[in-house]
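Novice: my questions concern the predicted model and sequence given below.
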Amino acid sequence: MSTEPSLEEWSMLRRGGHASTELGIPSMDTGIETGFGSVRLALGSAAELRVLLPIRHSERIAQVPSSPSLGIGIATYTLNGVSVRYLDIVCLAAGLDGVFADVTAEMMKRIRGGLSPVDACASTLDDFRSLLADPTSGVTIQEVRGLVGELLMLRRMLRLDARAWQLWRGPMMERHDFRAGRLALEVKSSARVTGLSVRISAIDQLLAPTGGVLHLALYQLEQSTGGDLSVSTLAAEATSMASDSLGVRNLLAAVGCADPNAPVWNRANFHLEGEHHYVVGDDFPKIIPESFASGAPPTGVTSLSYSIDLVAAESSRLAAVRADAHVSEMIACLDHP
């Protein structure tokens, strides 16, 4: 194997292809040398993804970052009559197979770059720690549709600048989905292809940055078996276009999507039926702190959500050229931090 492993190599092992029985378990030699032997891909007792990193017999293993999704231990096998000691790493969450393959590929890359197996493991797991959380099981179709909408906007920005992933601030629990200086953009997704309405989840969600401008983008996403839009495909595009793929993966993990290929995030595909853009100015229908005489909701009101019929916002609708200009202005802010 001349390059870092992919999920396909483990799939071949599961099918019985290219499997070696030299260790007494299904395994595959990667050809990547550590100085103490060759790294091997393997399967656990229940066909879990597994990687074996050869280490010195005398090496003391300091604590490495742990995760409920990973099993990390020491295993010793005999290979060609020689005892080989391995750092044994097993993926315990089937929904994270894709992420585990990415993690393993990064470990291989760092070993090739000169790090010891233990250091490569520890540093990689530390960088990927947010991705290795237990996968979320209670994801709704509305959440899937919402993430598809944000990824659509992210893709649009990345096509202009590979650094644009830095503008995606929603996963970090900031007020707006995308922010660049005094410019902000809120993304909404709707299942309705007739009628225009959006749900606002907080009193400050449509509050523009101080002295700045806020736009709202609405994607009308119809669920469709043959739809060309999914979390998996859009996330793959985003990570391939971004200047830092790990940065994008961490943002996805922050919204609960540690593995963009997981079935829970891909049980629906969508087709873009409509796209609408608005400037959230004085004429735009909204509730913000200034909507109240005191500048804040009545005492005892701790949260507020509401729906907006965008028919009432027709005067705030933007032509495509103006919506494009706003995105371009946000991208330009990357050159002036």
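Specialist: Received, thanks.
Novice: shaky segments in this structure?
Specialist: 1-6, 17-21, 62-68, 94, 130-137, 193-195, 337 (pLDDT under 70).
Novice: any idea where the helices of it begin and end?
Specialist: Taking DSSP state H to define them, one finds helices in the chain at 7-14, 97-112, 117-127, 141-158, 231-241, 245-254, 320-332.
Novice: between those, which one is closest to residue 88.
Specialist: In terms of Cβ to Cβ, the element of these nearest to residue 88 is helix 117-127, at 10.5 Å. To be clear about C-beta, it is placed using only N, CA and C from the backbone, and glycine gets the same treatment.
Novice: for the residue of the chain most remote from its centre, grab phi and psi.
Specialist: Within the chain, the residue lying farthest from the chain centre (Cα atoms, centre = their mean) is residue 81, at 43.8 Å. Backbone torsions for residue 81, taken as degrees, to the nearest 10, come to phi 80, psi 0.
Novice: wait, what's in contact with it?
Specialist: For residue 81, the contact set (Cβ atoms under 8 Å, 6 or more residues apart in numbering) is empty.
Novice: any idea which of the helices of the chain gets closest to residue 171?
Specialist: helix 245-254 (3.8 Å).
Novice: go through that closest one and flag the buried ones.
Specialist: Across helix 245-254, burial judged by 16 or more other Cβ atoms under 10 Å covers 248-254.
Novice: save the residues you listed as CSV, and put in distance to residue 301 too.
Specialist: Listed next are these as CSV, based on distance: Cβ to Cβ, whole Å:
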residue, distance to residue 301
248, 37
249, 38
250, 34
251, 31
252, 33
253, 33
254, 28
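Novice: could you measure from the residue farthest from the centre of the chain over to residue 56?
Specialist: As judged by Cβ to Cβ, to the nearest Å, residue 81 and residue 56 stand 19 Å apart.
Novice: and what of residue 181?
Specialist: For residue 181 relative to residue 56 (Cβ to Cβ), the value is 51 Å.
Novice: who has more neighbours, these two?
Specialist: residue 181 (16 against 13; other Cβ atoms under 10 Å).
Novice: my read: that one touches residue 212, true?
Specialist: Yes: in this structure, residue 181 is within contact of residue 212 by Cβ atoms under 8 Å, at 7.2 Å.
Novice: now the helices of the chain as JSON lines including distance to residue 188?
Specialist: JSON lines is the format used below for the helices of the chain (distance: least, Cβ to Cβ, whole Å):
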{"stretch": "helix 7-14", "distance to residue 188": "33"}
{"stretch": "helix 97-112", "distance to residue 188": "28"}
{"stretch": "helix 117-127", "distance to residue 188": "32"}
{"stretch": "helix 141-158", "distance to residue 188": "7"}
{"stretch": "helix 231-241", "distance to residue 188": "16"}
{"stretch": "helix 245-254", "distance to residue 188": "19"}
{"stretch": "helix 320-332", "distance to residue 188": "14"}
